[in-house]
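Undergrad: Structure, please.
(2 chains)
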Protein chains: 2
Amino acid sequence: MTWDATRRDVLALPLAAAAAALIAPAIARAADDPLPSWNDSRSRTAILDFVGRVTKEGGPDFVPLDDRIAVFDNDGTLWSEQPVYFQVFFALARVKQLYPEHPEWENLEPFKSAISGDLKSLAATGEKGVLKLVMASHAGMTTEEFAQIVVDWITTARHPRFNRLFTELVYQPMLEVLNLLRANGFKTYIVSGGGIEFMRPWTEKIYGIPPEQVIGSSIKTRFEMKDGKPVLQRLPEIDFIDDGLGKPVGIYKFIGRRPIFAAGNSDGDLQMLQWVTGGKGARFGMIVHHTDEKREWAYDKQSSVGKLDKALDAATGARWAVADMKWDWRKIYPFSS
Amino acid sequence: MTWDATRRDVLALPLAAAAAALIAPAIARAADDPLPSWNDSRSRTAILDFVGRVTKEGGPDFVPLDDRIAVFDNDGTLWSEQPVYFQVFFALARVKQLYPEHPEWENLEPFKSAISGDLKSLAATGEKGVLKLVMASHAGMTTEEFAQIVVDWITTARHPRFNRLFTELVYQPMLEVLNLLRANGFKTYIVSGGGIEFMRPWTEKIYGIPPEQVIGSSIKTRFEMKDGKPVLQRLPEIDFIDDGLGKPVGIYKFIGRRPIFAAGNSDGDLQMLQWVTGGKGARFGMIVHHTDEKREWAYDKQSSVGKLDKALDAATGARWAVADMKWDWRKIYPFSS
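TA: The predicted model follows:
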């Protein structure tokens, strides 16, 4: 059973939703309101209702502690992903850093476009070009060296639009959902198409999600003795793509059971949402819909980054909650007023 | 730093060890002794000493909670592995079960030997034969169906020598080590060359280790809609071999950090032990040495199952604790007197 369908119609009209958003601040909230950055909305109600039901001992939807597993996409679900995935900014910075050792990159694509920061020409190099860029920037060092490279970048690099650290561009309402779930005994995981080792060095600090609860795409590593020390060397070879059809596969590989809660924002999350909500017992599926071009970005079916088309169409039939960023979220980022 | 080397010489002679074992029961143990099935031995002292040091706040070897990660091999380290890995018994039983649907197996190796239970002829079919057996018995169903098949077998099949459930053949002293570590804030993992989904359905009940803390070898799976339901179908294709050089790779892939405690019993654990104990700060490596042919089995350098050769030679230089089953363990299995 998913969230109560009868509640779906109450605020079905955009006008009603807008009215609710305006009225919302006036509605009394408990001092310990677990979702203060959410307007009173169907999605907020659905989340609270679900958590209440699965934690109610003796209730028909009660779920034992061990099975309270929640999975979250990262790009576009927990933090922003425009104008390109933030990991692309990282790859570009890394290539620029390595350029002095690679003079041959001056006239060689995709490096030429990467070094000049020409995202359009870079995109034109296609999947093959991007793969070359990823391998040049993400492989060829030990796992410990790579983690340090990520930390050095993530603690200093800034987003061009907001001039903020990328880790400041996380969604306050989603941080509240993570905390709400954990306060109710859930184990929270990230399941991202992005690089697993690009996320692990900072997810605990930013999201409260430790490295072992991060699932993502990966390149291969090899055990080696380096200067007499055992290390894992990162190789320029794809190991696993944790996107689309790969997400349920990645989840089962790492966790060994089917989660009961999944949140995503794009078609890359479709199979994860289907698989998670297709299990027995109480299940919750949720889509973050980017509808706020003023405070964040507005995009869905036509977007090249974070395209949301089939998953949005599937949401109604599957009874997934759709969080409308513009109407449902009082606040986008922790630093927003 | 590993465990204090000066303690290694105190009981260096087998005679002294034997004497200690005889005296041991007379030595007073606290009522809440965390390792009651261990004789007073170098390995027992080393374990207690290590746990004491890494949990002593303000001490030079203190390790924060998050980094207290311990990894254990399974076959031969947490449960027995003779006369063959227990998963082989499972594969044989499964092939026998499927035989009626496969009359062509009657004269086809490795199935012929598997069905007749001729382990010697089966071994003669080599790696290729065993792989065929694994694929025939472990693939071709959904992940949920496979978990049920494992549960059905593990709760009924019995070991030929002891006429006990295979899960009764776990080592009581190692269960105590698992509990001791967890009581001191450690997260305990299995890192096995065996099949990950063969272990996950029962490790929580038997070892207190949940599915998401089990790492092992795997075959590929594919997301499919089956009768309108989303499932993961198990494919006859190797995904990852979690043995030898693969163990550090598997650990980092799943956990994203280097554990500080590792226990194994064979050369398949060598690189895991090297990598874990090769990190900075307090580290602990441990080898279970099978020396008790009366109560369990005695084997090491010449064994085809669980061969312990290079890792045993490396133990002294690397200062890994070696638990001598015959002398160090008062009790082998929970049911032993």
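Undergrad: So what's the gap between whatever helix or strand A:Val151 lives in and the chain middle?
TA: Element membership of A:Val151, judged by DSSP states H and E, is helix A:143-154. Relative to its parent chain, helix A:143-154 has a centroid offset of 20 Å by CA atoms, centre = their mean, to the nearest Å.
Undergrad: For that helix, buried residues please.
TA: Residues A:Thr143, A:Phe146, A:Ala147, A:Ile149, A:Val150, A:Trp153, A:Ile154 are the ones in helix A:143-154 that count as buried (16 or more other CB atoms under 10 Å in any protein chain shown). Any C-beta I mention is one placed from the backbone N, CA and C, and that applies to glycine too.
Undergrad: which helices and strands sit right next to the helix or strand containing A:Asp239?
TA: Applying DSSP H and E as the criterion places A:Asp239 in strand A:229-240. Helices and strands touching strand A:229-240, as assessed by 3 or more CB pairs under 8 Å, 6 or more residues apart in numbering or on different chains; DSSP states H and E, comprise helix A:126-138, helix A:143-154, strand A:214-226, helix B:246-255, helix B:270-277.
Undergrad: Dump the ones you listed to a markdown table, plus mean pLDDT.
TA: Output for the helices and strands packed on strand A:229-240, formatted as a markdown table (pLDDT from 0 to 100):
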| stretch | mean pLDDT |
| --- | --- |
| helix A:126-138 | 92 |
| helix A:143-154 | 98 |
| strand A:214-226 | 97 |
| helix B:246-255 | 98 |
| helix B:270-277 | 98 |
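Undergrad: So for B:Leu181, which of those sits nearest?
TA: Evaluated over the helices and strands packed on strand A:229-240, closeness to B:Leu181 peaks at helix B:270-277, with 13.6 Å, by CB to CB.
Undergrad: Using CSV, write out the CA atom coordinates for that closest one.
TA: In CSV, the C-alpha atoms belonging to helix B:270-277 read as follows (Å, rounded to 0.1, in the frame of the first residue of the first chain):
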residue,chain,number,x,y,z
LEU,B,270,46.4,-12.4,2.5
GLN,B,271,45.8,-9.2,0.6
MET,B,272,42.9,-8.2,2.8
LEU,B,273,45.1,-8.7,5.9
GLN,B,274,47.9,-6.7,4.2
TRP,B,275,45.7,-3.9,3.2
VAL,B,276,43.8,-3.6,6.5
THR,B,277,46.9,-3.8,8.7
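Undergrad: what helices or strands is it leaning on?
TA: Against helix B:270-277 (3+ CB pairs under 8 Å, 6+ apart) you get strand A:214-226, strand A:229-240, helix B:246-255, strand B:261-264, strand B:284-289, helix B:310-318.
Undergrad: Go again with 6 Å.
TA: helix B:246-255, strand B:261-264 (3 or more CB pairs under 6 Å, 6 or more residues apart in numbering or on different chains; DSSP states H and E).
Undergrad: Buried deepest among the ones you listed, which one?
TA: Of all the helices and strands packed on helix B:270-277, strand B:261-264 has the most neighbours on average by mean count of other CB atoms under 10 Å in any protein chain shown, namely a mean of 29.
Undergrad: Neighbouring strands of it in the sheet, and parallel or not?
TA: strand B:69-72 (parallel), strand B:284-289 (parallel) (DSSP bridges).
Undergrad: So which of those strands is nearest A:Asp49?
TA: Nearest of the strands paired with strand B:261-264 (CB to CB): strand B:69-72, 36.5 Å.
Undergrad: Moving C-terminal from the closest one, which element do we reach first?
TA: helix B:86-98.
Undergrad: Mind giving me the packing neighbours of that next one?
TA: Looks like helix B:86-98 contacts helix B:111-116, helix B:126-138 (3+ CB pairs under 6 Å, 6+ apart).
Undergrad: Contact residues of chain A facing chain B?
TA: For chain A, the residues in contact with chain B (CB under 6 Å from any CB of the partner chain) are A:143, A:200, A:211-212, A:221, A:223, A:229-230, A:232, A:245, A:248-249, A:252, A:255-257, A:271, A:274-275, A:278.
Undergrad: which among those end up buried?
TA: A:143, A:200, A:211-212, A:221, A:223, A:230, A:232, A:245, A:248-249, A:252, A:255-257, A:271, A:274-275, A:278.
Undergrad: Domain-wise, how is chain A divided?
TA: Using automatic domain parsing, the domains assigned to chain A come out as A:5-82+A:169-328, A:86-154.
Undergrad: For the stretch 1-150 of chain A, give the residue positioned nearest to chain B.
TA: A:Thr143 (5.8 Å; CB to the nearest CB).
Undergrad: Now that residue. Nearest residue, chain neighbours left out?
TA: Once flanking residues are discounted, A:Thr143 sits nearest to A:Leu232: 4.5 Å by CB to CB, 6 or more residues apart in numbering or on different chains.
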